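> just coords:
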C-alpha cells in the first residue's frame, strides 16, 4: 500500500472537483460570465438564453462544490465567483478565459451581458435600475 500525504490527497481532490464542474458547457458559460461580475438568475437567463430551471440547477451544482457563492439581496439570489478562490480555481478560470476568447457562443454571451439592463439591482457597472430603464422587475 502506498501512503499519500493528506495535503497531496486534498490537492488532487480539489482538482477533481474543479474539473468535474468544468466538464459541462453550461457551467463553463456561467463561470465565464461570472468572471465579469456578480449576476442574478434572471440575468443569466437573458445572457445565456437558457431556462431558469437549467440555470438554477447548474448554479446549485457549482455552489455546492465551492466554485460560486450566493448572497440574498431582497428577492434575488446574487451569484459571484468566490471572494478567495483557491490557486487551482484561479488558474483554471484564467485558462477558461483564454480558451474561449474566440468561441462564438462565449463571445455572444459577453455581448448580451454588456447590453444587459438588469432590474435586479446587482450593483454592476453594466446593470441599471429598473426605474431608470422602464423595464419591469424580472425576479
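On my side now, so go ahead. Since this is a predicted model, take the numbers as computed values, not measurements. Residues are numbered from 1 along each chain as shown.

> contacts, neighbours, all on C-alpha from now
Fine.

> Next up, phi/psi of the residue lying closest to residue 50 once chain neighbours are set aside, please.
Nearest residue to residue 50, sequence neighbours excluded (CA to CA, 6 or more residues apart in numbering): residue 44, at 7.8 Å. Backbone torsions for residue 44, taken as degrees, to the nearest 10, come to phi -60, psi -40.

> Residue 44 - how many residues pack around it?
Neighbour count of residue 44, defined by other CA atoms under 10 Å: 24.

> is it true that it touches residue 54?
No: between residue 44 and residue 54 no contact is recorded; they are 10.3 Å apart, counting by CA atoms under 8 Å.

> How much space separates the residue nearest to residue 50 from residue 110?
According to CA to CA, to the nearest Å, residue 44 and residue 110 sit 11 Å apart.

> pLDDT averaged over stretch 22-38 - what is it?
Stretch 22-38 shows a mean pLDDT of 94.

> Name the residues of that stretch that are buried.
22, 26-34, 36-38 (16 or more other CA atoms under 10 Å).

> How many residues are close by residue 42?
22.

> which residue ranges form the strands in this structure?
Ranges of strands in the chain, per DSSP state E, are 39-40, 69-73, 76-80.

> coming back round to it: for the residue nearest to residue 50, give me its contacts.
Residue 44 sits next to 30, 50, 55 when contact means CA atoms under 8 Å, 6 or more residues apart in numbering.

> Name the nearest of the residues you listed relative to residue 86.
residue 30 (18.2 Å; CA to CA).

> sorry, back to before: just the closest of the contacts of residue 44 to residue 81, please.
residue 30 (10.0 Å).

> residues in contact with that closest one?
44, 59.

> my read: residue 96 touches residue 33, true?
No: counting by CA under 8 Å, residue 96 stays clear of residue 33, with 10.9 Å between them.

> follow-up on the earlier one: how about the strands of the chain in a markdown table, adding distance to residue 15 and mean neighbour count?
Shown next, in a markdown table, are those (distance: least, CA to CA, whole Å; neighbours: other CA atoms under 10 Å):
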| stretch | distance to residue 15 | mean neighbour count |
| --- | --- | --- |
| strand 39-40 | 25 | 24 |
| strand 69-73 | 18 | 14 |
| strand 76-80 | 20 | 20 |
